[in-house]
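From the sequence below, what's the structure:
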Amino acid sequence: MDLDQLDLDLYATVFDVARIGICVIDEQGRFARVNPFFCELVRHRPEDLIGRHYAMCAPPGVVAVKEKFLEALFADSSKIPLEWGIRRSDGSIFDSLVSFRPIMRADGRRFAVVTFSDISESKRSQAEIEALNRDLEQRIAERTVELTQKLAELTAADDALRQSEERLQAALAEKTAILEHSVVGIGLLRNRRLEWCNRMLEEQLFGYPRGSLTGKNTAMLYPSREDYEALGAEAYPLLTQGRIYETRARMKRSDGSLFWCFISGRAIRPDDPAQGSIWVLTDITSRRKLEEDLRRALSEREAILQSSVMGIALVRNREYVWVNKHFESDMLGYQAGELVGRSVRHTYGSQEAYDELGPLINRQLVDTGFFQTEGRVRRKDGSTFWCLVSGCAIDRRDLNVGTIWTVVDLTRRKAAEAELVEALAREKELNELKSRFVSMTSHEFRTPLATILSSTELLADYGERLTERERADLIGGIKASVQRMTRMLEDILLIGRSEAGRLEFRPRRLDLRALCERIVDEACAAVRAQQQVLLTFEGTSAERVVDEELLQHILGNLLTNAIKYSTAESTIEVRVVCDGREILLEVEDHGMGIPVEDQARLFETFHRGRNVNHIAGAGLGLAIVRKSVELHGGRIAVRSVPREGSTFTVVIPEIGGGARA
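Sure thing, here's the model as predicted:
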């Protein structure tokens, strides 16, 4: 077996055993060949597909534009989407990742090779992941509420404990009686020496033998001398004022281990420090650990929510209770914390939307616990943007508990959708333009080509029998036809450069009067005008900064049209006015005029009025005029009455600078 045959066998094997769908489509859109896996995907037999149009497996959106889609396929267009819904034999649709490549055989026949990969399972997995994410967000919200409630309970317990300690301190001050078996450590200090302490303080809190701390300086109970000095500097100024001193501090046991302690102190007689002070100590190590665990859990929750790529907010009674940074700052433009406590009205586009959506949202949250919509959200600066807004009730039986909202910016998706719509509109416009171009060229080129053909045939067949004048007339007709076709091609190329943004604007200082006179003379000579053309010029100075070529297009086309659409005995007036700030060009004729229904589309490419079909023209002149005026930054207007005439007015603003001619 030679190498070429081996390659062919290899390609055929790959085609048959590949686990991706492969099909070959001919120029008529029919299946030329399909591999087994493609048949498995669409649930058709090969004989059901071969020779049939590809639309039988295409989604409805592609079927609607199947011929345009086929053209784009063979043109290797980048606009063809990479994901399709493929239709099976039973009518069901599955998602597929598509690639294609047009090929041409040696005999000139074209085919397109299209491959398909089923991505339905991956999309279902993505949907499941999104559902899990939503469930996780809800669980985080519920856990946040639970932790917040626990913190409130701990705070209430802490307040109750402090009140209990205050009552105990008051009893000690009033009765000077110490309960030996108190559940808190109690000590009497004078000059920061321990005169007396109960068993709880000495044995259980600090781990010393009973009586060993009496008369000792309390510095031994602190982790360091610095801690000892710092607490004293804070506490004793308050004690001398009759105030209670409270703090949480780490203390040291007899074995050197540290524990967290809540310390409360009060002077027996604030005006007599020698009387000493009563101190109450409570081991809060376990409570401190619980607080740290809670704080750590809250910090982790905060980190998760703050680092989310979507906006998240907790709303209660239509007010923001908590928002993450991405929603508050990145999406809405508020400063950190600025949105908390504000009404959600600030993010609605209008008061009407706020009033209308409120009852609807609450009703759906009560019914299902969930609400979702796409809409515009307002930023701090008043601008709006498209978002996917999703809300979940913490407890749908009681919406006062609050709702968790997630906001996803859809700006890019909406822009992509708008771009796709715009692209489709541009394609439609381009197709219409192509149709008009084909119609124009087939009509406008037929007459000069017929003239050239008939003239050359007469010269070839009867050239020797024609007089010199007859031959000159025939040659002149050929030249005129060639010039007419050349002008049309030049106009088409000019429009093409303009549409592509390559039409250059090169202004310079010129003698406007002389330029306008030359343009009028050339236009009249080119069309052999029989009308009387009157040119008037008004202004203090004839020098102006303009683009010579573009001005020739403007005035030349307007004057040529006026001549073409006016009777031979009529008068055409051309007025040029320079008032220092702008240039006004006005061309007025008394010809056939323009129908009212055509005036709105007068400056469109290839558009001609319905009353001029008997007069030669390509429908390009006024489109060129408009482009030339726009490049000057000017404006153009038309007044026309059918069978009475038309007046075109062009205003070009003063252009500073420019090179002197």
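
all contacts plus neighbour counts: C-alpha atoms, from now on.
OK.

what about the helices in the stretch 301-450 of the chain?
325, 351-368, 411-444, 446-462 (DSSP state H, counting those that start in this stretch).

do the stretch 1-150 of the chain as well
With DSSP H, counting those that start in this stretch as the criterion, the stretch 1-150 of the chain has helices spanning 3-17, 36-42, 46-49, 60-64, 66-74, 120-175.

could you say what helices and strands the longest one packs with?
Right, helix 120-175. Packing contacts for helix 120-175, counted by 3 or more Cα pairs under 8 Å, 6 or more residues apart in numbering; DSSP states H and E, involve strand 93-104, strand 277-283, helix 285-306.

just these: most buried one?
Across these, averaging neighbours per residue (mean count of other Cα atoms under 10 Å) puts strand 277-283 on top, at a mean of 21.

beta partners of E573?
Note on E573: beta-bridge partners by DSSP bridges are L534, E588.

got it, and I86?
Beta-bridge partners of I86, counted by DSSP bridges, are F94.

where's it relative to R162, distance?
Summarising the geometry, the distance separating I86 from R162, computed by Cα to Cα, to the nearest Å, is 72 Å.

And the two? Which one has more around it.
Summary of the neighbour comparison: I86 and R162, criterion other Cα atoms under 10 Å, with I86 having more neighbours (23 against 15).

right, and the more buried one touches A58 too?
Yes. Contact between I86 and A58 holds when scored by Cα atoms under 8 Å: they sit 5.5 Å apart.

about what we covered before: by mean pLDDT, show me the worst of the helices of the stretch 301-450 of the chain.
Within the helices of the stretch 301-450 of the chain, the stretch with the lowest mean pLDDT is helix 411-444, showing a mean of 66.

how about F505, secondary structure?
The local conformation at F505, judged by DSSP: H, G, I helix; E, B strand; the rest coil, is coil.

show me what contacts it?
Contacts were defined as Cα atoms under 8 Å, 6 or more residues apart in numbering; by that measure F505 touches 547, 550, 631-632.

backbone phi and psi for it, please?
phi -120, psi 110 (degrees, to the nearest 10).

so what's the closest residue to C197 other than its chain neighbours bridging to?
Beyond its immediate neighbours in the sequence, the residue positioned closest to C197 (Cα to Cα, 6 or more residues apart in numbering) is G187, lying 4.0 Å away. Following DSSP bridges, G187 is listed with bridge partners C197, W279.

what about G187, how many neighbours?
Using other Cα under 10 Å as the criterion, the residues surrounding G187 number 23.

for it, what are its contacts?
Residues touching G187, when contacts are defined by Cα under 8 Å, 6+ apart, comprise 194-198, 201, 278-280.

Scan the contacts of F505 and report the most crowded one.
Taking other Cα under 10 Å to define a neighbour, the member of those with the most is L550, carrying 22 neighbours.

got the buried residues for stretch 239-249?
Going by neighbour count (16 or more other Cα atoms under 10 Å), the buried part of stretch 239-249 is 239-240, 244-246, 249.

again, but for stretch 130-144
Neighbour-count burial for stretch 130-144, with 16+ other Cα under 10 Å as criterion, is recorded at 137-138, 140-142, 144.

and that stretch, how far from the chain's centre?
27 Å (Cα atoms, centre = their mean, to the nearest Å).

hey, C-alpha coordinates of that stretch in CSV?
As requested, the backbone C-alpha atoms of stretch 130-144 are provided in CSV (Å, rounded to 0.1, in the frame of the first residue of the first chain):
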residue,chain,number,x,y,z
GLU,A,130,-25.1,28.0,39.8
ALA,A,131,-27.9,26.4,41.8
LEU,A,132,-25.3,25.2,44.4
ASN,A,133,-23.9,28.7,44.6
ARG,A,134,-27.3,30.1,45.2
ASP,A,135,-27.9,27.5,47.9
LEU,A,136,-24.5,28.4,49.5
GLU,A,137,-25.3,32.1,49.5
GLN,A,138,-28.6,31.4,51.3
ARG,A,139,-26.9,29.2,53.8
ILE,A,140,-24.3,31.9,54.4
ALA,A,141,-27.0,34.4,55.0
GLU,A,142,-28.8,32.1,57.4
ARG,A,143,-25.6,31.4,59.2
THR,A,144,-24.9,35.1,59.4
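
closest one to A472 among the helices of the stretch 1-150 of the chain?
With Cα to Cα as the criterion, A472 lies closest to helix 66-74 of these, at 48.7 Å.

Name the residues that touch that closest one?
Under the criterion Cα under 8 Å, 6+ apart, residues 27, 29, 55, 62, 79-80, 100-102, 110-112 lie in contact with helix 66-74.

repeat that with 10 Å
25-29, 53-55, 58-60, 62-63, 75-80, 100-104, 110-114 (Cα atoms under 10 Å, 6 or more residues apart in numbering).

For ChimeraX, what selects the buried ones among those?
For anyone working in ChimeraX, the buried entries among the contacts of helix 66-74, judged by 16+ other Cα under 10 Å, can be selected with:
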select :25,26,27,28,29,53,54,55,58,59,62,100,102,103,111,112,113,114
